[in-house]
Every structure is written in structure tokens, then in C-alpha cells.
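1. Show me the folded form of this:
(one chain, ligands or ions: 1)
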Amino acid sequence: MSFPGSLRTETTPTGRAAGSIWNIGLASAYCAPVRTSLAVVTKPRPLRRRARPLVLEQLAFELPPPSARWSFSRLVLRSPHQARIRERIEFVRRFFPELDGLTVRVGLALKRGVLGWGSLDPDRPGIWVRPRRIEHFTIAHELTHLLQARELVPRGERACDLWALARSSLLIDAAPGYLRMPRSLRRRSGPTPAEASLLWNAARRAIAAREQGDRRYLLNFEREIADAFARGPL
Ligand SMILES: [Zn+2]
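-> Numbers count the residues shown, from 1 in each chain. Below is the predicted model of the structure:
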């Protein structure tokens, strides 16, 4: 699910706004130059001689902080599922080299029925995930929204699903939520490796077809998957 990108705040269980902590991510990208400053040291005054101020150059190192890959909301930092969230988003992010150098905000999606959110604001890259149900494919889908925000992927939820499927079959541990898929694919255990491979290959072919001018590439992808499943188990 995409998020248009207006400033978002989350509320703590006590009702106090956790606040928009986007600035943490932005601040970490701040790059301070190495500055020089002058320090004035005065020698002991010699007899009958006027002391001259001795000017020494002193280097003050202000090294920029390393750019953080993630900026976690307070709710994530307090969550007992934090370690699992970190491990999963790290794994998925390896397949998104376009996001290298970006600090991605990570929050919790608490709204009932929502698996996740992804920001469409290129200046505030962020994803919100569920603390318990956090599949690799959901994270891939939300990170693909960040690519849409950078105009690297066509807009729309179905396109977001398709481009997320085309990343890697290793990320397809759940059926896409917006593309029309065979019912048998929506089982709780997720697609089998053979089904994931089929989805990945078909998604790559659909994207290639779009590049050749096929405007119905999403519909054709859905039909190809439906036909493959209609022929029987993979
Ligand atoms: Zn979405």
C-alpha cells in the first residue's frame, strides 16, 4: 500500500505523538567539512620584552556521521519483534541496490487489515510494516513504492506488485495482494519454490513486454499465471 508522503506521526500507547522523526534520517546525511580554527596561546611574559601572541593552528575534526540505512520509529525500537523486523528488511534490501545511500524510515503499520505502507514522497523514504506478519514479499512491495517515488517504476499497486515479483524468486514468500492471482496461491503457507519461480519469470517477461510497447502487460501477466495454474500443479 502506498503512502502519499505527507508528514506522518505515530502515536505511542499513552497517546503521546511520537513525532515525525524524519529529521533523524536527514540529519545523519549531514556532512560537515573538516574545519580549522585558531587557538591563541600566550607565552609567559619575558623581562623587558613585550609578549607576542603565539598563533597556532589547531585542527578540529568534525567527521560526518556514517549514513544510516534505517531510521526506526519509537514503536519499532520498543517492539519485541524488532530483531525480526531488522533481519527481514535487511535481507530484502539487498535486492534493492537503487536504495543504497538512502536512510529509510521504518515504522509499524497498526491499522487493521493493512499489511504495510510505502512512502511515495522521494524526500521521505519510509515503510511501515506489521510487527508480527512480516513477509519478505510485503517488504519488497513497500520498498518498490520507494522506487515509484523516484520514478524508477510505473505508478500503481498492480505495477508495484509486478516489479516486486521481478526482483527475485527468493522474495516471493506470499502471493501478491493487488494482482489477480489463482485462489490456490493464496494459501497461508505461501507459494512453493516452483510457483515462486514461475511468478518471477513471468513478471520479468511482462516487464520486458511493456518495454516493447505492450500496454496490457499486467493483464497478460495475470492471464499467463491463471493459465499455468489451470494446467495443474507445477
Ligand atoms: Zn502498495
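2. How about the residues of this protein by the ion?
-> Contact residues, the chain versus the ion (Cβ under 5 Å from the ion): Met1, Ser2, Glu157. C-beta here means a position set from N, CA and C on the backbone, and glycine is covered the same way.
3. Give me the subset of those lying in helices.
-> Applying DSSP state H to the residues of the chain next to the ion, the entries found in helices are Glu157.
4. Switch the residues of the chain next to the ion over to a markdown table; also include pLDDT.
-> Below are these laid out as a markdown table (pLDDT from 0 to 100):
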| residue | pLDDT |
| --- | --- |
| Met1 | 72 |
| Ser2 | 76 |
| Glu157 | 97 |
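5. tell me which element Ala159 is part of?
-> helix 157-165 (DSSP states H and E).
6. And the next helix or strand past that helix?
-> Toward the C-terminus from helix 157-165 - assigned by DSSP H and E - lies helix 193-211.
7. Packing partners of the next helix or strand after that following helix?
-> Proceeding N to C from helix 193-211, the next assigned helix or strand is helix 217-230, under DSSP H and E. Secondary-structure packing of helix 217-230 (3 or more Cβ pairs under 8 Å, 6 or more residues apart in numbering; DSSP states H and E): helix 157-165, helix 193-211.
8. ok and helix 217-230 relative to helix 157-165, angle-wise?
-> 60 degrees (axes from the mean of the first three to the mean of the last three Cα atoms, to 10 degrees).
9. Can you give the contact residues for helix 217-230?
-> Helix 217-230 has contacts (Cβ atoms under 8 Å, 6 or more residues apart in numbering) with 158-159, 162, 179-182, 184-185, 198-199, 202-203, 205-207, 209-210, 214, 234.
10. just to revisit the earlier point, next, format the helices and strands packed on helix 217-230 as a markdown table and append mean neighbour count.
-> A markdown table is the format used below for those (neighbours: other Cβ atoms under 10 Å):
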| stretch | mean neighbour count |
| --- | --- |
| helix 157-165 | 24 |
| helix 193-211 | 17 |
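11. would you turn those helices into CSV with distance to Glu87?
-> Formatted as CSV, these follow (distance: least, Cβ to Cβ, whole Å):
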stretch, distance to Glu87
helix 157-165, 19
helix 193-211, 20
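12. Pro80 and the ion, how far apart?
-> Counting by Cβ to the ion, to the nearest Å, the separation of Pro80 from the ion is 26 Å.
13. Give the closest residue to that residue in space, chain neighbours not counted.
-> The spatial neighbour of Pro80 that comes closest, neighbours along the chain excluded (Cβ to Cβ, 6 or more residues apart in numbering), is Pro131 at 8.0 Å.
14. can you tell me how far the one you found sits from the ion?
-> Relative to the ion, Pro131 is positioned 18 Å away (Cβ to the ion).
15. Against Ala175, how distant is the closest residue to the ion within the chain?
-> Closest residue of the chain to the ion, Cβ to the ion: Met1 (4.0 Å). Distance, Met1 to Ala175, using Cβ to Cβ, to the nearest Å: 15 Å.
16. Sketch out the low-pLDDT regions of this protein for me.
-> The model of the chain has pLDDT under 70 over residues 3-66.
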